[in-house]
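>>> quick one: sequence plus predicted model below, questions after.
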Amino acid sequence: YHDMYAAYDPATDKDKFYGGGAGGYHIYDISRPEQPEHLFSLTGMPLVPWGHTFTPTPDGSYAVGEVEHQYAPLRIFDLRPGQSGETKTISNSIGAWTATWQNLWHSHEVRWPFVFVSAYEDGMQVFNMMDPTNPYTVGYWDTYSGPASVGMCSDKKCNGAFGVDVRNADGLIVASDMTTGFWAFRMDGFKGWNGADWGMPNI
């Protein structure tokens, strides 16, 4: 597994692990860490040989998945058929987002309905996934001014914004850029995140 996420799921009263790995993305019940139980996977999708960053919404209904290769958008998945036990395999996304289709992304943080993305050459990006089938950009800052295609990775695109995080208490956004360093941001209208404001579990 590469980037991973673990959180309490209030709907099922279980601790769950969400990991990007071989073939896609995988979800486990880790309420008993010594005996993890595989719940379901997201595999068999075109152009997803492995999963990279994989982050669910606070209620576990949806997730954003990334594969870190050029031209691949961030995909949005409906996890509900897997969470309910209806299926063990999900093989399609319901939405996708990209900043510049020629580029790629590294990691992201979900603060429903916003997704904060460290987008390499496209800097720090924010999109809204209130409608998971139709996400749209709401903010960005170009932390990396170029030149293009001189980074690591086989496609030379891995340069620029590499990490992102959000402080729930006051909405401070921080990003790290492989070339230009540390950045701190405020986004208009975003003064913090509390699940109760959005009808979401506050985990």
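In hand now; what should we look at? Residues are numbered from 1 along each chain as shown.
>>> okay, residue 171 and residue 152: tell me how far apart.
Per Cβ to Cβ, to the nearest Å, residue 171 is found 32 Å from residue 152. (Each C-beta comes from the backbone N, C-alpha and C, glycine too.)
>>> so where's the chain shaky on pLDDT?
Counting by pLDDT under 70, the chain contains no low-confidence range.
>>> now with 80, please.
Across the chain, the ranges flagged by pLDDT under 80 are 152-155.
>>> all helices of it, in order?
Here the chain has its helices, by DSSP state H, at 80-83.
>>> for residue 171 and residue 152, indicate the residue with more neighbours.
residue 171 (17 against 10; other Cβ atoms under 10 Å).
>>> would you confirm that that one contacts residue 197?
No: applying Cβ atoms under 8 Å as the test, residue 171 and residue 197 come out as separate, 11.7 Å apart.
>>> the nearest residue to residue 109 once chain neighbours are set aside pairs with what?
Spatial nearest neighbour of residue 109, excluding adjacent residues (Cβ to Cβ, 6 or more residues apart in numbering): residue 116 at 4.6 Å. Residue 116 forms beta bridges with residue 109, residue 126, as assigned by DSSP bridges.
>>> residues near residue 121, how many?
Count around residue 121 with other Cβ under 10 Å applied: 27.
>>> from here on, call the first residue 526.
Will do, 526 is the new start, and the previous item becomes residue 646.
>>> please name the nearest non-neighbouring residue to it.
Among residues not flanking residue 646 along the chain, residue 685 sits closest, at 4.6 Å (Cβ to Cβ, 6+ apart).
>>> before we move on, what about residue 715?
Excluding the flanking residues, the one nearest residue 715 by Cβ to Cβ, 6+ apart is residue 696, at 4.6 Å.
>>> and if you look at residue 684?
Among residues not flanking residue 684 along the chain, residue 676 sits closest, at 2.8 Å (Cβ to Cβ, 6+ apart).
>>> residues in contact with the one you found?
Going by Cβ atoms under 8 Å, 6 or more residues apart in numbering, residue 676 touches 645-646, 682-685, 703.
>>> got it, and residue 639?
By Cβ under 8 Å, 6+ apart, the contact set of residue 639 is 651-654, 663, 715.
>>> one more: residue 697?
Neighbour list for residue 697: 691, 709-711 [criterion: Cβ under 8 Å, 6+ apart].
>>> one step back: the residue nearest to residue 634 contacts residue 631, doesn't it?
No: in this structure residue 641 lies outside contact range of residue 631 using Cβ under 8 Å: 11.8 Å.
>>> the two: who's more crowded?
Comparing residue 641 with residue 631 by other Cβ under 10 Å, the one with more neighbours is residue 641, at 24 against 21.
>>> residues contacting the more buried one?
633-635, 649-651, 689-691, 698.
>>> list only buried entries from the residues you listed.
Among the contacts of residue 641, those classed as buried by 16 or more other Cβ atoms under 10 Å are 633-635, 649-651, 689, 691, 698.
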